[in-house]
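J.: Following is a predicted model, sequence given first.
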Amino acid sequence: MVELLCVDMERVPGRPAYLALTSAETSLLVRATDDAAVAGQLLSLRSSGLLASGNFSSATAAICWLTDPVPPAVVCAAEQSGVLGASSGAVRGDWLAVVARGTSSCFNVARSGVGGAVKLFKKSVSPVSAVGRFDRAADAYAWLARSSVENLLQLLEDTVGALSTLSVPRRLGPTCPTDPHRHPTLADPALPVTSHHSVGGLSHLGVQSAEEPGTAPAAVWSRLAAMQPHAPNHAQAPKRGIEADAAAAVPEGSVKSSVHASSASAESSASARDGVSAPMPPGDTPLLHHSPAPFIEATGVGCPAMDVASSSGAGPGQLGLLAYAGHWKDLCERLAARRHGLFVTGGPGVGKSTFLRSLHKALCARWPRSGDVIFVPPTGSAAKTANGQTYHSFSGFPRDCRLQQKDPIAEASRLLKKDRFRPIARRLSQFRALLLDEVSMVAAEKFDVMVELLRQARPTTSQPCMVFSFGDFPQLGPLGGGSMAFTSQSWRQLYGSCMLELSRVYRQSDAGFVQAIRDARFWRCTASVRTLMQQCSVTGEQYEALRWKVFHLMPRLEDVGLHNTQCLAELCIGSKPKEFVAVDTVEVDKDRDVAHPPVNLSRVSILSRSAALVDCVAPRVVQHCLGARVMLTSNVDLVLGLYHGSIGYISSYLGDSVPVVRFENHALPAGVGRGLHGVHDAGGDWLEVECPPTLFEARIL
Ligand SMILES: Nc1ncnc2c1ncn2[C@@H]1O[C@H](COP(=O)(O)OP(=O)(O)OP(=O)(O)O)[C@@H](O)[C@H]1O
């Protein structure tokens, strides 16, 4: 079943229905009735920051205004003029100064809240309004009295005036007057839009020809110049447009959709990290073309740990010693206080991921602002579990992306010129620390472009950022092939030949096993490796007996799919596997504003529904049967200690179709009894959970 949307694109006579908000950092389209959204924007404005609002009766015109490069340029220029004071970047200022045609006032938000400012904002029927945030009342009142405020309003009004001839179409199309190359993603006029543009004003924005569609007309630039201490070069007009962020915040009454999906999906016999195992060579000869050996050896394998202070290979430095002694907290604090990132490596089970999580926490404590510390794992499922984003989405590479230019500088510059890179560039320009997990899965060519994107997207005035890479080159190769990241041009610049190598194995305690893993990591077929291989090897006959019972690691998704299908067939000999088919429906958001006209659900296209369901990990059709291994693909059962990735098997059915999944090695958490949170039964170290269809709710934007 589904939930879906409310679309209100009609004009509400007499007063603005939509507010298009733009600051140096963000752009947002909200309904004029959405006090909370307006208040949120006012409160998140940083000290000495400026927020401009275009007030519109149609979402189409508002989106056109938001995608026009001039309003943000005007805001940036006004900020740079210095009349608001020097920006500390902090959100501390207690005073908001609100100005519109014929009205202005200052509000102390610390004392009386933001309600007054919101009210004035909404009361205004003038086409634009602006709000500045200040530390002191005197500064706020002085700003309102300046002639530059008048100039600011005039400039903003001009940009709104350019839209006045627009006959509001039901759908945004190529006729939109401010931007004939508008993105198709803005095609639905009901779209709530969150978008971002460059921080830091004109001087940090890219060079673009003034003739390019959508750039500001010369007259506007000359007036902007008058607002700035240093007149901008005409050629330095901001790039055109603002791209809608797919993860847009949704104001009230927006389109919403949901779908029921099974909470358990057919489990891949191999995990997201499949393909791990490097082939074992017969001798000491590395088999892989891009062997990590030269890199590892150059940096001194065998030391308990290396760090920047000891990159010459002379032995562990201070950071390495802290790691070796298990002083993780000190180590994290030391790393967080540095100006440079680090490459952290080590064999399987030495605690890289555990350490990454601790460092992430320490960095977030240092920079708590959202977006300051970014964790980027290589795979979608890891990203989902860890609430991160993949390398590809972080860097803005489309799926199956092929780089077009060999030179990473030229490639990065080419990508940054694309409109869709606007929000990406903004994100890249702002963070303070980046944590790349499993960096060995990133090909050198992409690593170079990613680092180059960072360089080019960050204005020279940006705060320095640190890039920490975690991974083990002997374990995992680049996804889709390519050279290993440490061979890239950027690697040396970022890390030189330094690394922190963790060497104490925490995962296993059997000395022989640990030694075998160490040797195998460097393709050394030693006695320990041979012993382990003998212990683990089976004959063909023995394998056939085990085939459907043991966990398989497979290098390719196709192999996994085939194996799963065969396993299912094996499990339900003589009958067909059951099928769970997701049912998608759309319905009107229950929380929609009833003041708006009713919604026509039949107008929601299949395309919109499919786009809304992209984040649903479960496939549309899931085959299952008694005994089938399944994997949880959501975090709905965290209270039971189960999470995305937990693996169990179907132990029985309730009625004909509701599977009961048994998770071994899971004790019932204290305070949870049978019948609660779907618990069907439990033993000392196992849990059985009922898995009826679950609702996956997605908003149609
Ligand atoms: N400092 C530590 N003290 C005690 N146990 C630890 C420590 N670090 C990690 N572990 C445990 O060791 C195991 C392996 O840790 P982790 O997964 O972080 O290693 P890893 O190096 O990332 O492994 P891999 O390369 O195989 O992914 C986990 O069970 C973890 O809880």
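T.: Nice, I can see it.
J.: Now do the buried residues in whichever strand or helix holds D330.
T.: In this assignment (DSSP states H and E), D330 forms part of helix 328-337. Within helix 328-337, the residues that count as buried by 16 or more other Cβ atoms under 10 Å are 328, 331-332, 335-336. For every residue, glycine as well, the C-beta is placed using N, CA and C.
J.: chain center to it: distance?
T.: Remark: helix 328-337 is offset 25 Å from the chain centroid, using Cα atoms, centre = their mean, to the nearest Å.
J.: helices or strands up against it?
T.: Helices and strands touching helix 328-337, by 3 or more Cβ pairs under 8 Å, 6 or more residues apart in numbering; DSSP states H and E, are helix 318-324, helix 352-366.
J.: among the buried residues of helix 328-337, which are within reach of the ligand?
T.: Filtering the buried residues of helix 328-337 for neighbours of the ligand using Cβ under 6 Å from any ligand atom leaves W328.
J.: residue of the chain with the smallest distance to the ligand?
T.: Of all residues in the chain, G351 sits closest to the ligand, at 2.8 Å by Cβ to the nearest ligand atom.
J.: excluding its backbone neighbours, what's nearest that residue?
T.: Using Cβ to Cβ, 6 or more residues apart in numbering and skipping residues adjacent in sequence, the residue nearest G351 is Y506, 5.1 Å away.
J.: ok, then the element right after the helix holding D330?
T.: Later in the chain than helix 328-337, the nearest helix or strand by DSSP H and E is strand 343-346.
J.: avg pLDDT for that following strand?
T.: Mean per-residue pLDDT for strand 343-346: 92.
J.: Is F663 located within a strand, as I assumed?
T.: Yes. Under DSSP: H, G, I helix; E, B strand; the rest coil, F663 sits within a strand.
J.: Check whether it really touches L687, as I assumed.
T.: Yes. Between F663 and L687 there is a contact at 4.9 Å, judged by Cβ atoms under 8 Å.
J.: neighbour count winner among these two?
T.: The neighbour count for F663 versus L687, taken as other Cβ atoms under 10 Å, is higher for L687 (27 against 22).
J.: picking that back up, intersection of neighbour lists for F663 and L687?
T.: Residues touching both F663 and L687 (Cβ atoms under 8 Å, 6 or more residues apart in numbering) are L642.
J.: quick check: angle from the helix holding D330 to helix 352-366?
T.: Relative orientation of helix 328-337 and helix 352-366, computed by axes from the mean of the first three to the mean of the last three Cα atoms, to 10 degrees: 60 degrees.
J.: circling back: highest mean neighbour count across the helices and strands packed on helix 328-337, which stretch is it?
T.: When these are scored by mean count of other Cβ atoms under 10 Å, the highest mean neighbour count falls to helix 318-324 (a mean of 21).
J.: how about that helix against the ligand, any contact?
T.: No. Using Cβ under 6 Å from any ligand atom, helix 318-324 never reaches the ligand; the gap is at least 9.0 Å.
J.: Against which helices or strands is that helix packed?
T.: So helix 318-324, by 3+ Cβ pairs under 8 Å, 6+ apart, packs with helix 328-337, strand 500-502.
J.: re the thing from before, could you export the helices and strands packed on helix 328-337 as TSV, including distance to S440 and mean pLDDT?
T.: Below are those laid out as TSV (distance: least, Cβ to Cβ, whole Å; pLDDT from 0 to 100):
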stretch	distance to S440	mean pLDDT
helix 318-324	19	81
helix 352-366	11	92
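J.: out of these, which comes closest to W491?
T.: Smallest distance to W491 across the helices and strands packed on helix 328-337 (Cβ to Cβ): 17.6 Å, for helix 352-366.
J.: Pairing partners for the helix or strand following the closest one, with directions?
T.: Using DSSP H and E, the helix or strand that follows helix 352-366 in sequence is strand 373-376. Its sheet considered, strand 373-376 pairs with strand 433-436 (parallel) by DSSP bridges.
J.: Report the mean confidence score over the strand it pairs with.
T.: Strand 433-436 comes out at a mean pLDDT of 92.
J.: What lies in contact with the next helix or strand after that strand?
T.: Sequence order places helix 444-457 as the next helix or strand after strand 433-436, per DSSP H and E. Residues outside helix 444-457 that contact it (Cβ under 8 Å, 6+ apart) are 391, 394-397, 403, 408-409, 411-413, 415-416, 424-426, 428-429, 434, 439, 442, 465, 467, 478, 482-491, 493-494.
J.: before we move on, the earlier item: okay if I get the helices and strands packed on helix 318-324 as TSV plus distance to A618?
T.: Formatted as TSV, the helices and strands packed on helix 318-324 follow (distance: least, Cβ to Cβ, whole Å):
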stretch	distance to A618
helix 328-337	36
strand 500-502	36
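J.: Tell me who's in contact with the residue nearest to G351.
T.: Counted by Cβ under 8 Å, 6+ apart, Y506 has contacts 349-351, 354.
J.: isn't Y649 right up against R662?
T.: Yes. Taking contacts as Cβ under 8 Å, Y649 lies within contact range of R662: 5.9 Å.
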